[in-house]
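> Provided below are the primary sequence and the corresponding predicted coordinates.
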Amino acid sequence: MDKKQSLELCAALSNAKGAPGFEDEVLTVLRAFGAELGDFREDSLRNLYLSRRGNKGSRPVVQLDAHTDEVAFMVQAIKPNGTLRFTTLGGWVNSNIPAHRVWVQTADGSYIPGVTASKPPHFMSETERRAQPVVEDMSIDIGASSREEVVESFHVRMAAPVVPDVTFTYDEKHDLMVGKAFDCRLGCASILRTLDSLRGKDLSVDVVGAFSVQEEMGTRGAAVTANTVNPDLAIVFEGCPADDTVAEPYMVQTAIHKGPMLRHIDARMITNPRFQRYALDLAEELGIPVQESVRTGGSTNGAPIHLSNQGVPVIVIGIPVRYIHTHYGIAAHSDVENAARLAAAILERMNADQISRF
């Protein structure tokens with residue numbers, strides 16, 4: 001996969017609409033770009049599995065994980081004035097929600113534009129202006145003027161998923177991608193890039209890509225994929241929050257343009273230290289830029305995967321993204337390239353003896 005194809009993949013995945021539980025468009029993109037890489041299958045949650053072409057079924061299994069959903073919203077009720085009350089799906093900061101364009105799914109599965117709205121300042125009291133915004137005081141406006149118009153003309157109903165309306169762009173000069181859902185569509189792209197780079201190579205392990213749903217709602221999909229794949233080893237790709245614009249210089253551990261980040265710990269997993277050291281040492285040996293971090297919060301699909309079955313050695317290869325869990329993310333394409341390079345290098349060298357040492 002050359003850079004042009006990789007950017008087309010990142011763009012298609014980022015632009016796809018995939019609220020938790022409604023990831024269908026993302027799966028369509030993955031099936032199209034990954035058709036030559038192996039065999040696809042799905043489960044009832046719509047987790048998508050891609051078994052690498054060349055798997056033999058009698059070797060240790062390595063699971064490559066990334067999640068297909070994005071932080072989003074859901075219509076909770078339709079107000080008499082034609083605006084939509086909504087609830088959040090995933091971790092939003094309330095002040096980031098208003099005054100943005102969104103896509104609202106209709107009853108036939110198509111999407112129509114809307115705007116996240118709040119009371120204009122002209123009608124706010126001084127107390128309201130100073131208060132932190134709350135979701136219950138916001139709405140989504142699709143242009144309707146009554147509940148009947150929403151249902152009968154716009155064909156929007158309760159529980160409709162809503163996603164940010166953002167179109168992917170790329171700045172070649174500065175190697176900067178801007179788009180939505182980089183957490184974790186860049187991880188999804190990394191799985192396909194990893195498998196593509198391994199085409200025709202003779203491995204000592206079987207590899208299954210697992211594109212899991214509903215990670216933003218508590219890593220739900222990965223609880224199923226881990227028990228379905230039953231891996232001996234796992235690599236979790238994640239779009240992780242970059243800290244290079246918000247942390248003191250000595251605490252910056254996840255900067256864009258400096259390679260993927262391998263976390264030692266987060267709120268729900270202490271990374272297997274032997275597998276982690278193996279990956280960091282291999283990256284240094286091969287000249288692949290990486291970063292490492294110690295996180296006190298956050299979590300990934302590594303949490304349910306490493307606790308599955310009788311325990312699974314897991315590392316997280318995170319692609320730094322500025323401003324995740326908002327409408328817009330900023331990331332470097334080179335970090336996606338290096339994430340896939342590291343994963344492929346690990347898989348090319350992995351075997352049963354090495355896994356037993358972890």
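That came through, no problem.
> in stretch 290-307, what counts as buried?
Across stretch 290-307, burial judged by 16 or more other Cβ atoms under 10 Å covers 290-293, 295, 299-306. No exception for glycine: its C-beta is placed from N, CA and C like everyone else's.
> what's the answer for stretch 210-229, then?
Counting neighbours by 16+ other Cβ under 10 Å, stretch 210-229 gives 210-217, 219-226, 228-229 as buried.
> Which of these fall in strands?
Taking DSSP state E as the definition of strands, the buried residues of stretch 210-229 contribute 210-212.
> Tell me the pLDDT of residue 133.
Note for residue 133: predicted pLDDT of 87.
> try the one 10 residues further on
Reading off the per-residue confidence, residue 143 sits at a pLDDT of 97.
> next one: residue 52
Reported pLDDT for residue 52: 98.
> counting contacts, what elements does the helix or strand of the chain with the lowest mean pLDDT pack onto?
Scoring the helices and strands of the chain by mean pLDDT, DSSP states H and E places helix 126-130 at the bottom, with a mean of 82. Helices and strands touching helix 126-130, as assessed by 3 or more Cβ pairs under 8 Å, 6 or more residues apart in numbering; DSSP states H and E, are absent.
> Output it in CSV with nothing but the alpha carbons.
Extracted C-alpha coordinates of helix 126-130, given in CSV (Å, rounded to 0.1, in the frame of the first residue of the first chain):
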residue,chain,number,x,y,z
GLU,A,126,-25.8,36.5,33.6
THR,A,127,-25.9,33.3,35.6
GLU,A,128,-26.5,31.2,32.5
ARG,A,129,-23.7,32.9,30.6
ARG,A,130,-21.2,32.0,33.4
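> Show me where the stretch 1-150 of the chain has its helices.
With DSSP state H, counting those that start in this stretch as the criterion, the stretch 1-150 of the chain has helices at 3-15, 24-33, 126-130, 147-152.
> Please disregard the earlier target; I meant the stretch 251-358 of the chain.
Using DSSP H, counting those that start in this stretch, helices in the stretch 251-358 of the chain cover 273-286, 302-306, 333-349, 352-357.
> out of those, nearest to residue 245?
helix 333-349 (15.4 Å; Cβ to Cβ).
> For residue 141, give its distance to residue 162.
For residue 141, the distance to residue 162 equals 12 Å [Cβ to Cβ, to the nearest Å].
> Specify which residue of these two has the higher count of neighbours.
residue 162 (27 against 16; other Cβ atoms under 10 Å).
> Kindly tell me how buried the nearest residue to residue 96 once chain neighbours are set aside is, as a neighbour count.
Once flanking residues are discounted, residue 96 sits nearest to residue 326: 4.8 Å by Cβ to Cβ, 6 or more residues apart in numbering. Number of residues near residue 326 (other Cβ under 10 Å) recorded here: 16.
> For residue 255, what are phi and psi?
phi -90, psi 150 (degrees, to the nearest 10).
> Could you report the separation of the residue lying closest to it once chain neighbours are set aside from residue 253?
Excluding its sequence neighbours, the residue lying closest to residue 255 (Cβ to Cβ, 6+ apart) is residue 244, at 3.7 Å. Plainly put, residue 244 is 9 Å away from residue 253 if you go by Cβ to Cβ.
> Okay, now stretch 130-140: how far is its last residue from its first?
Using Cα to Cα, to the nearest Å, one end of stretch 130-140 lies 22 Å from the other.
> Contacts only, for the closest residue in space to residue 198 that isn't next to it in sequence.
Distances taken as Cβ to Cβ, 6+ apart place residue 344 nearest to residue 198, at 5.7 Å, with adjacent residues excluded. Contact analysis of residue 344 by Cβ atoms under 8 Å, 6 or more residues apart in numbering lists 194, 197-198.
> tell me the mean pLDDT for the helix or strand hosting residue 163?
Secondary structure from DSSP states H and E places residue 163 in strand 161-164. Regarding strand 161-164, the rounded mean pLDDT is 98.
> Residue 158 and residue 85 touch, don't they?
No: applying Cβ atoms under 8 Å, one finds residue 158 not in contact with residue 85, separated by 9.9 Å.
> Find residues that contact each of the two.
Residues touching both residue 158 and residue 85 comprise 75-78, with contact defined as Cβ under 8 Å, 6+ apart.
> The residue nearest to residue 279 when sequence neighbours are not counted: neighbour count?
In this structure, residue 279 finds its nearest non-sequential neighbour in residue 315, 5.3 Å apart by Cβ to Cβ, 6+ apart. Neighbours of residue 315 under the rule other Cβ under 10 Å: 26.
> Could I get the contacting residues of residue 315?
Listed by Cβ under 8 Å, 6+ apart, the contact set of residue 315 reads 234-236, 262, 271-272, 275-276, 279, 302.
> At the geometric centre of this structure, which residue do we find?
When Cα atoms, centre = their mean is applied to the chain, the residue found nearest the centroid is residue 184 (1.4 Å).
> So that residue lies in a helix, does it not?
Yes: membership of residue 184 in a helix is supported by DSSP: H, G, I helix; E, B strand; the rest coil.
> rewinding a little: so the residue nearest to residue 96 sits against residue 91, correct?
No: using Cβ under 8 Å, residue 326 makes no contact with residue 91, being 10.5 Å away.
> how about the CA coordinates for stretch 319-336, as PDB?
Taking Å, rounded to 0.1, in the frame of the first residue of the first chain, the C-alpha atoms of stretch 319-336 are listed here in PDB:
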ATOM      1  CA  ILE A 319      -1.300   7.000  17.100                       C
ATOM      2  CA  PRO A 320      -1.100  10.500  18.600                       C
ATOM      3  CA  VAL A 321      -4.200  12.600  17.800                       C
ATOM      4  CA  ARG A 322      -4.700  16.200  18.900                       C
ATOM      5  CA  TYR A 323      -8.100  17.000  20.300                       C
ATOM      6  CA  ILE A 324      -9.700  13.500  20.200                       C
ATOM      7  CA  HIS A 325     -13.300  13.200  21.500                       C
ATOM      8  CA  THR A 326     -14.100  16.500  19.700                       C
ATOM      9  CA  HIS A 327     -15.400  17.100  16.100                       C
ATOM     10  CA  TYR A 328     -11.800  17.600  14.800                       C
ATOM     11  CA  GLY A 329      -8.600  15.700  15.200                       C
ATOM     12  CA  ILE A 330      -5.100  16.500  13.900                       C
ATOM     13  CA  ALA A 331      -2.600  13.700  13.300                       C
ATOM     14  CA  ALA A 332       0.500  13.000  11.300                       C
ATOM     15  CA  HIS A 333       0.300  10.300   8.500                       C
ATOM     16  CA  SER A 334       3.900   9.300   9.300                       C
ATOM     17  CA  ASP A 335       2.700   8.100  12.700                       C
ATOM     18  CA  VAL A 336       0.300   5.800  11.100                       C
END
